[in-house]
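Visitor: When you get a sec, could you give me coordinates for this:
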Amino acid sequence: MFKFPRALVPAVCAVLLANGCSAGGSETERSKAAPSSTPQTDTGTATDTEGADTWSWRVVAQDPRTNRGYLHASKRYLLEADSSQTMRVNDRKKESPVAAVTVPPGEHLEQVDLSERWLTWVTVENSDDPSVTHWVRRLPHGSPQRIEDIAKAPRPQWPPTQALAGSLLTYTAGAMHRRCAVTLDLETGTHEKVMCVRHRKTGIGMPRLSEAGVVVNTQSEDGTPNGCNRAWVRRADDATATELPAQLPCAAFTGAVSSSTTVWNEQYDEDAPDVGAFYGLDGPEVVPLGDGDAGSEIACGDWVYWTDHAGEVGRLKRWRPGTDVEVVYRNSKRWLLVASPRCRDDRITLLQSANGQGEDQLIEALIPDE
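Guide: Sure thing, here's the model as predicted:
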C-alpha cells in the first residue's frame, strides 16, 4: 500500500496510452489553439455558476520566444525554456538563476516539470528509433540523475511519460508482457508499482497523481479504432485499484482523484478527440458535469479543475460534491488556454497563448479561502 506525503500537491501529465496517443494536458497540446466555432452545451445535472470575480489572476511570465508550453511556476521557482534544447530555473523572489539545462545536439526536451525541490525532464534523441532518458535534479544545487539510477527504480518505457508532484514522481515502466504505473519517492528512493497489466496487447497510460491517489488508464486492442479503454482509481489508503463506472463503452479516459471525489472524462467523438464528457462521483452516484477539454483535469485539495473551450473563450472550471460546476477563470478572445491547469501549493497556474501571435503567458491565482 502506497502512502502520499501530506504536503504533496497534484500534478498534471497528459500522455495517454502506451501507443503514444495523446489525451490532452500535455505541454505540447496545441490542438486546443483552434476552439470550436460551435458552442458546446452542458448537458450535465451540475449547472455552471460564475465565481471568477472572487479570483485575482496575475501574469507570472510572458515570453514571445517560447511557444512550446514550457513555462512553469511553483511558489519559489520559475522555469522557462528558450527552445527544445535549453531551459533555466530562476528563484522568483531573488530573481536569480538556480539551474540551467542544455541538451546535447541531436536531442530535444520533453516532459519538463518542477516542484519546490525537484526539476524533472526527458531527453529524446532525434531519430526514427529514439533513445529516451528520464532525468531528475534536486533544487537548488543538486546534480542530474537518471531515474533508473535512483535506488534501482524500474526503467521507464517508451513513449516517455512522467509527472511530478512534490517529491513524488510517476511514470510507466516495463516491457511487452508486463507494463506498470510506478511511483518513485525522490526523497527516499523508494518506489512502488501502483498497477500493472500483463498482456502484450494491453497498454497502460500515465497515472494522474494527487495527494488523494491516482487514476490510471488502460487500453486493450480489441478491434475498435481506439481500442477498449478502462479507467481505474486507487486512493492512497487502498491496497488495490477500483474500476471507474464508464458511461460510454470503450471511450478514451483520463481522470483525477481529490480528497472528496473522482472526476474523469470520456472522449465520445473520434472526430473531436479534444472534447470529453466529464463525470464526477458524489458517493456512489455518477454526476454528469458537461463537456470540457479532454485530459485537462487536475485535483487540488477537495476540488477537481479542468478547462473548457466551448465557444470563443477558454474557461477554467472546478467541481466537488454538493456544488455546481464553478467557472473560476474566463479569458479574452485574444488568449487561448494551451495546457492543463497546474496546482502548486496554494495556487493555480494557467498557460495561455496569444491567438495567432505565438506568445506564451503564464498566469496564476491564489486559491481563495472558503
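Visitor: tally of neighbours for residue 197?
Guide: By other C-beta atoms under 10 Å, 20 other residues sit near residue 197. All C-beta spots, glycine's among them, are computed from the backbone N, C-alpha and C.
Visitor: That one contacts residue 205, doesn't it?
Guide: No. Residue 197 sits out of contact with residue 205 when judged by C-beta atoms under 8 Å, with a separation of 10.5 Å.
Visitor: what touches both of these two?
Guide: residue 218 (C-beta atoms under 8 Å, 6 or more residues apart in numbering).
Visitor: Do you have the helices of the protein handy? List them.
Guide: Applying DSSP state H to the chain gives no helices.
Visitor: which intervals of it have sub-threshold pLDDT?
Guide: Confidence mapping of the chain against pLDDT under 70 gives the ranges 1-48, 51-52, 64-69, 82, 175-176, 199-201, 206, 221-227, 356-358.
Visitor: mind listing the strands in the stretch 251-370 of the chain by residue range?
Guide: Here the stretch 251-370 of the chain has its strands, by DSSP state E, counting those that start in this stretch, at 252-257, 262-267, 275-282, 285-293, 298-300, 303-308, 315-319, 325-330, 335-337, 342-344, 347-354, 360-366.
Visitor: and those strands as a markdown table, adding distance to residue 209?
Guide: What follows is these, written out as a markdown table (distance: least, C-beta to C-beta, whole Å):
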| stretch | distance to residue 209 |
| --- | --- |
| strand 252-257 | 9 |
| strand 262-267 | 13 |
| strand 275-282 | 18 |
| strand 285-293 | 19 |
| strand 298-300 | 8 |
| strand 303-308 | 13 |
| strand 315-319 | 18 |
| strand 325-330 | 22 |
| strand 335-337 | 21 |
| strand 342-344 | 11 |
| strand 347-354 | 16 |
| strand 360-366 | 20 |
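Visitor: Flag every buried residue along stretch 263-272.
Guide: Within stretch 263-272, the residues that qualify as buried by neighbour count (16 or more other C-beta atoms under 10 Å) are 263-268.
Visitor: before we move on, what about stretch 116-126?
Guide: Buried residues in stretch 116-126 (16+ other C-beta under 10 Å): 117-124.
Visitor: Likewise for stretch 140-154?
Guide: 147, 150, 153-154.
Visitor: Now distance to residue 311 too, for those, in JSON lines please.
Guide: Below are those laid out as JSON lines (distance: C-beta to C-beta, whole Å):
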{"residue": "147", "distance to residue 311": "41"}
{"residue": "150", "distance to residue 311": "46"}
{"residue": "153", "distance to residue 311": "44"}
{"residue": "154", "distance to residue 311": "44"}
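Visitor: Now the two most distant members of those.
Guide: Based on C-beta to C-beta, the longest span within those runs between 150 and 154 and measures 10.5 Å.
Visitor: returning to what we had before: now distance to residue 288 too, for the buried residues of stretch 263-272, in a markdown table please.
Guide: Rendered in a markdown table, the data for those read as follows (distance: C-beta to C-beta, whole Å):
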| residue | distance to residue 288 |
| --- | --- |
| 263 | 11 |
| 264 | 12 |
| 265 | 11 |
| 266 | 11 |
| 267 | 15 |
| 268 | 12 |
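Visitor: Going by distance to residue 172, which of these wins?
Guide: Among those, residue 264 lies closest to residue 172 (C-beta to C-beta), at 18.5 Å.
Visitor: what's near enough to touch that closest one?
Guide: Residues counted as contacts of residue 264 (C-beta under 8 Å, 6+ apart) are 215, 231, 244, 253-256, 278-279, 297.
Visitor: Apply 6 Å and report the result again.
Guide: Residues counted as contacts of residue 264 (C-beta atoms under 6 Å, 6 or more residues apart in numbering) are 231, 244, 253, 255, 279.
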